[in-house]
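In: Take a look and give me a structure for this.
(2 chains)
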Amino acid sequence: GNSVTQMEGPVTLSEEAFLTINCTYTATGYPSLFWYVQYPGEGLQLLLKATKADDKGSNKGFEATYRKETTSFHLEKGSVQVSDSAVYFCALRPREDSSYKLIFGSGTRLLVRP
Amino acid sequence: DTGVSQDPRHKITKRGQNVTFRCDPISEHNRLYWYRQTLGQGPEFLTYFQNEAQLEKSRLLSDRFSAERPKGSFSTLEIQRTEQGDSAMYLCASSLARQGAGNEQFFGPGTRLTVL
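Out: This is a model prediction of the structure:
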């Protein structure tokens, strides 16, 4: 079946530190991959996406590369800010599923300290 | 129209009561999704509509749950005879389904249900 595994949080970093949040997936075929972010009291927002192997999604300084050989889509940012504190969800969308429903990981909470 | 809205944002009810949530999608979006998110977990798919047709229901959606989208615009999710295990955040998302790229889902802020 299809599933997403994320590193457990919370991840606590100092401002300007380098961030990596690991995400691996299991899927039949080649899914599209996403990172969503959830700020306190708000809905999920799409952060970035990649639709095929070796694609790199990027937005707001965050990046993730679709690695088919390792079935991974790790989220990285070179220098985090306090405002990046949120919960980050990795998700996949099976290519063969016409519903386009998303399958999410359990989320990783990031806390950035000044 | 600035995004997906959900009402109410919070609902506290007693076990055994019925509750109904509403979702208003982005106006031109033809697809509407419901997800459930329990504490410390990611959202899990419940059901989705294309226009007014409910096309898929998850096994998570027991017969106490019913969802409608009567005119292909807003949707309601009703839970009958609530149980404590129904306590969760109920998320609604909408998208414009089309061939090729896109189909991005936009999420509402969610309705947090607490069953006492």
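
In: Okay, strands next: where are they in the chain?
Out: I went with chain A, as the question did not name one. A:3-6, A:11-14, A:19-21, A:23-26, A:32-38, A:44-50, A:56-59, A:62-65, A:75-77, A:86-93, A:103-104, A:108-113 (DSSP state E).

In: You answered for a different chain; I wanted chain B.
Out: Under DSSP E, chain B gives strands at B:5-7, B:10-13, B:19-24, B:31-37, B:44-50, B:53-57, B:65-68, B:75-79, B:88-95, B:106-107, B:111-115.

In: I'd like to know how far A:Asp55 sits from A:Phe104.
Out: 20 Å (CB to CB, to the nearest Å). Where you see a C-beta, it was placed from the backbone N, CA and C, and this is true even at glycine.

In: Spell out which parts of chain B neighbour chain A.
Out: With CB under 8 Å from any CB of the partner chain as the criterion, chain B meets chain A at residues B:3-4, B:31, B:33, B:35, B:40-45, B:48, B:55-56, B:91, B:93, B:95, B:97, B:101, B:103-110.

In: residues in contact with the residue of chain A found nearest chain B?
Out: Residue nearest to chain B within chain A: A:Phe104 (3.1 Å; CB to the nearest CB). By CB atoms under 8 Å, 6 or more residues apart in numbering or on different chains, A:Phe104 lies in contact with A:4, A:36, A:89-91, B:42-44.

In: redo that, cut-off 7 Å
Out: A:4, A:89, A:91, B:42-43 (CB atoms under 7 Å, 6 or more residues apart in numbering or on different chains).

In: residues near the residue nearest to it when sequence neighbours are not counted, how many?
Out: Nearest-residue entry for A:Phe104: B:Gly42, 3.1 Å, with adjacent residues in sequence omitted and distances by CB to CB, 6 or more residues apart in numbering or on different chains. Using other CB atoms under 10 Å in any protein chain shown, B:Gly42 is surrounded by 22 other residues.

In: interface residues of chain A facing chain B?
Out: Counting by CB under 7 Å from any CB of the partner chain, chain A comes close to chain B at A:42-44, A:46, A:89, A:99-102, A:104-107.

In: Between those residues, identify the one with the most neighbours.
Out: A:Leu44 (29 neighbours).

In: Show me what that one is bridged to.
Out: For A:Leu44, the beta-bridge partners are A:Gln38 (DSSP bridges).

In: Distance check, it against B:Cys92.
Out: The separation that A:Leu44 has from B:Cys92, given CB to CB, amounts to 11 Å.

In: same thing with A:Thr26?
Out: For A:Thr26 relative to B:Cys92 (CB to CB), the value is 27 Å.

In: ok, now A:Ile21?
Out: A:Ile21 is 26 Å from B:Cys92, by CB to CB.

In: So for those two, which sits in the more crowded spot?
Out: Looking at A:Ile21 and B:Cys92 with other CB under 10 Å, you find the greater number of neighbours at B:Cys92, namely 29 against 24.

In: That one: what's it in contact with?
Out: By CB under 7 Å, 6+ apart, the residues touching B:Cys92 are B:4, B:6, B:23, B:32-34, B:75, B:108.
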